[in-house]
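# Give me the fold of what follows.
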Amino acid sequence: MDYKKQVAESIVTALDGQLELQVAYDKIEIPKASNLGDFAFPTFVLAKTLHKAPQMIAQELVESIDQDVYEKVEAAGPYVNFFLDKSAFSQEVLQAVLNQADHYGDATVGQNGKVPIDMSSPNIAKPISMGHLRSTVIGNSLANLLAKTGYQPVKINHLGDWGTQFGKLIEAYKLWGSEEEVKADPINKLLEYYVRFHKEDKAHPELDDEARKWFKKLEDGDEEATKLWQWFRSVSLQSFKHIYDKLGITFDSYKGEAFYNDKMDEVVQILEDHNLLKESQGAEIVDLDKYNLNPALIKKTDGATLYITRDLAAAIYRKRTYDFVQSLYVVGAEQINHFKQLKAVLKEMGFDWSDDVHHIPFGLITLNGKKLSTRSGRVVLLDKVLDDAIDLAKQQIQSKNPDLKNADEVAHEVGVGAVIFHDLKNERMNSFDFDLSEVVRFEGETGPYVQYTRARAESILRKANKQVATDDVVLADPNAWETLKYLQAFPETILRAVNEYEPSVIAKYALHLAKSFNQYYANSKVLVEDDQLNARLALVQSVSSVLKNALALLGVKAPSEM
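Okay, here's the model as predicted:
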């Protein structure tokens with residue numbers, strides 16, 4: 001039941017329709033202290049209409065409201081405070097969670113609409129660094145959330161497998177590389193060549209000219225350039241998939257920038273047909289003054305294409321292929337202007353579906369306050385971070401539970417889960433500094449804390465060794481009230497996370513639920529043989545189930561034992 005809506009309806013009925021239901025619903029607040037009720041309605045909004053003081057309106061409302069469905073309704077100054085019927089509430093919530101299990105919180109708002117998600121998108125011939133973590137895990141979590149609410153997400157790894165950097169890499173390889181070196185250690189060697197190029201070209205700017213020539217050759221299908229590019233791409237993908245397997249993340253498509261090479265002529269043709277292309281200093285642009293944006297550069301003076309040309313081709317291809325209801329780009333906040341231009345150009349081309357294209361920006365991960373950069377060689381490899389996190393988790397598991405049978409598997413789930421959770425608990429637009437020792441802690445606002453709470457709930461259920469009955473779940477314990485309210489809020493929380501494209505809503509929810517359950521467990525004895533035992537176990541099982549599902553939405557595993 002939507003209890004907030006029930007409260008709103010009670011208010012509207014008591015006012016004899018003098019306030020619209022949606023207005024009442026939107027004004028309802030959740031009090032900060034439980035002694036002030038579960039919902040509160042501020043009567044200030046009625047003062048002008050009713051020509052009375054808010055305090056008086058509150059008193060009169062309490063007298064008019066049908067209180068049979070509530071524990072009590074009382075006035076506190078200008079507020080009307082509603083206390084829900086705890087017995088009915090506990091029964092409804094616990095039965096819903098137990099009966100629906102993994103489907104608790106499912107919704108159909110997506111109506112099977114397809115949603116391509118452009119995510120992760122590392123550059124070929126460069127290692128996946130911590131800088132790629134955010135796009136990868138935010139995109140994956142959004143896919144999980146969309147699937148939970150009835151959409152069909154399509155996870156696209158739009159590989160950076162084209163562009164002038166490949167001219168630089170080919171030039172660097174021709175100057176300093178060897179086939180033996182690359183075969184022995186592909187990604188690290190290719191990165192070494194790339195970093196060296198950027199150091200050398202400061203003193204030798206002519207290197208940039210040679211790099212541009214190589215990229216032009218690549219665009220024109222030169223045999224040597226193409227063969228090197230395909231080789232760099234192949235060894236890179238092998239390295240990437242190893243890391244994605246470690247993260248537990250899969251993709252529906254690896255179509256990168258190169259896939260759209262033969263699809264850009266059509267883009268240019270449509271732009272010409274709409275008289276959108278203008279010449280500017282030898283380059284071709286689309287004027288976006290009416291959108292208060294800088295011109296979109298479609299072709300450079302040498303005829304080479306740019307990111308936006310390929311992104312236009314990709315957007316059109318995805319609309320034709322998936323007929324999407326939304327198309328998401330999980331790309332860093334530094335690209336906000338690029339995606340504004342992309343949407344504006346699509347709009348000018350006559351594609352009204354450009355309104356369904358959404359950039360999902362996010363802040364940076366820093367290390368000791370410094371931005372990570374491949375070009376400068378300041379790279380923190382994601383693979384190493386995950387391995388270190390797993391080692392840290394294993395050390396803590398050995399100290400807490402040395403006899404754990406599947407310790408290596410649990411350490412993997414805890415270590416990797418800790419890194420993912422730490423990223424996703426931060427609101428995506430916030431930048432944050434990464435400190436591994438803070439991330440893999442079993443206490444505090446961490447993934448392992450939530451996992452450990454879920455494992456504790458499972459341990460209680462194992463000790464009880466009883467089948468939980470779903471027909472006897474009226475829980476009278478006041479210590480359980482906050483936990484019950486969090487359980488009831490899960491479906492609404494999922495919808496909020498989807499509407500805001502914000503996985504942190506789920507991560508924070510999981511932390512709050514875990515904390516409230518731990519407080520309950522500290523204050524109430526669960527395994528006591530009395531008439532409330534089944535109801536208490538129902539609460540424990542419900543918490544375990546919802547924590548597991550919340551973690552799954554983030555892409556984090558939930559071990560049953562730790």
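
# Please make it C-alpha for all contacts and neighbour counts, starting now.
Noted.

# Would you point out which residue is most central in the chain?
Nearest to the geometric centre of the chain sits Ile138, at 3.2 Å (C-alpha atoms, centre = their mean).

# and it, that's in a strand?
No - assessed by DSSP: H, G, I helix; E, B strand; the rest coil, Ile138 does not belong to a strand; its assignment is helix.

# That one and Val330 touch, don't they?
Yes - counting by C-alpha atoms under 8 Å, Ile138 touches Val330, with 7.3 Å between them.

# And the protein, what are its domain boundaries?
3-84, 114-366, 382-554 (automatic domain parsing).

# got JSON lines for those, with mean pLDDT and distance to Ser560 too?
What follows is the domains of the chain, written out as JSON lines (pLDDT from 0 to 100; distance: least, C-alpha to C-alpha, whole Å):
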{"stretch": "domain 3-84", "mean pLDDT": "95", "distance to Ser560": "32"}
{"stretch": "domain 114-366", "mean pLDDT": "94", "distance to Ser560": "18"}
{"stretch": "domain 382-554", "mean pLDDT": "96", "distance to Ser560": "5"}
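
# Among these, which comes closest to Asn99?
Among the domains of the chain, domain 382-554 comes nearest to Asn99, with 7.6 Å by C-alpha to C-alpha.

# Ends of the closest one, what's the gap?
Domain 382-554 has its terminal residues 18 Å apart, counting by C-alpha to C-alpha, to the nearest Å.

# where exactly do the strands run in the stretch 101-250 of the chain?
Secondary structure of the stretch 101-250 of the chain (DSSP state E, counting those that start in this stretch): strands at 114-118, 152-156.

# Now Gly221. Its backbone dihedrals?
phi 80, psi 20 (degrees, to the nearest 10).

# Next one: it relative to Leu159, how far apart?
For Gly221, the distance to Leu159 - C-alpha to C-alpha - is 19 Å.

# of the two, who's got more company?
Taking other C-alpha atoms under 10 Å, Gly221 and Leu159 do not tie; Leu159 has more neighbours (22 against 12).

# ok, now which ones touch the more buried one?
Leu159 makes contact with Ser121, Pro122, Asn123, Ile124, Tyr254, Lys255, Gly256, Glu257, according to C-alpha atoms under 8 Å, 6 or more residues apart in numbering.

# joint contacts of Ile138 and Val330?
Between them, Ile138 and Val330 share no contacting residue, judged by C-alpha under 8 Å, 6+ apart.

# helix, strand or coil for Lys72?
Lys72 ends up strand, using three-state DSSP.

# Can you get me a residue count around it?
Neighbours around Lys72, by other C-alpha under 10 Å: 15.

# same thing with the one 10 residues further on?
By the measure other C-alpha under 10 Å, the count of residues near Phe82 is 24.

# quick one: secondary structure of it?
strand.

# could I get the domains of the chain as TSV with distance to Val97?
What follows is these, written out as TSV (distance: least, C-alpha to C-alpha, whole Å):
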stretch	distance to Val97
domain 3-84	16
domain 114-366	15
domain 382-554	6
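
# Out of those, flag the one nearest Leu94.
Taking the domains of the chain one by one with C-alpha to C-alpha, domain 382-554 is closest: 6.6 Å.

# if I pick the closest residue in space to Lys255 that isn't next to it in sequence, what's in contact with it?
Spatial nearest neighbour of Lys255, chain neighbours left out: His158 (5.6 Å); criterion: C-alpha to C-alpha, 6 or more residues apart in numbering. Taking C-alpha under 8 Å, 6+ apart as the criterion, His158 is in contact with Asp118, Met119, Ser120, Ser121, Pro122, Ser253, Tyr254, Lys255, Gly256, Glu257.

# What is the burial count for the third one?
Residues lying near Ser120 (other C-alpha under 10 Å) number 28.

# And stretch 39-54, what's buried?
Phe39, Ala40, Phe41, Pro42, Thr43, Phe44, Leu46, Pro54 (16 or more other C-alpha atoms under 10 Å).

# Tell me the one of the residues you listed nearest His359?
Phe39 (35.4 Å).

# Relative to Trp214, how far out is Leu207?
11 Å.

# Looking only at neighbour counts, state which of those two leads.
A count of neighbours by other C-alpha under 10 Å puts Trp214 above the other of Leu207 and Trp214, at 23 against 18.

# surely the more buried one meets Glu224?
No - Trp214 is beyond contact range of Glu224, at 9.8 Å (criterion: C-alpha under 8 Å).

# need the strands for the chain, in chain order.
39-42, 70-76, 79-84, 114-118, 152-156, 277-280, 283-286, 296-299, 327-329, 357-359, 365-367, 370-371, 432-433 (DSSP state E).

# export the ones you listed to a markdown table and tack on distance to Lys319?
Output for the strands of the chain, formatted as a markdown table (distance: least, C-alpha to C-alpha, whole Å):
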| stretch | distance to Lys319 |
| --- | --- |
| strand 39-42 | 44 |
| strand 70-76 | 50 |
| strand 79-84 | 47 |
| strand 114-118 | 9 |
| strand 152-156 | 12 |
| strand 277-280 | 23 |
| strand 283-286 | 22 |
| strand 296-299 | 20 |
| strand 327-329 | 8 |
| strand 357-359 | 10 |
| strand 365-367 | 32 |
| strand 370-371 | 35 |
| strand 432-433 | 35 |
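
# residues in contact with Ala24?
Ala24 makes contact with Ala8, Ile11, Val12, Phe41 under the criterion C-alpha under 8 Å, 6+ apart.

# Right, I'll call it a day here.
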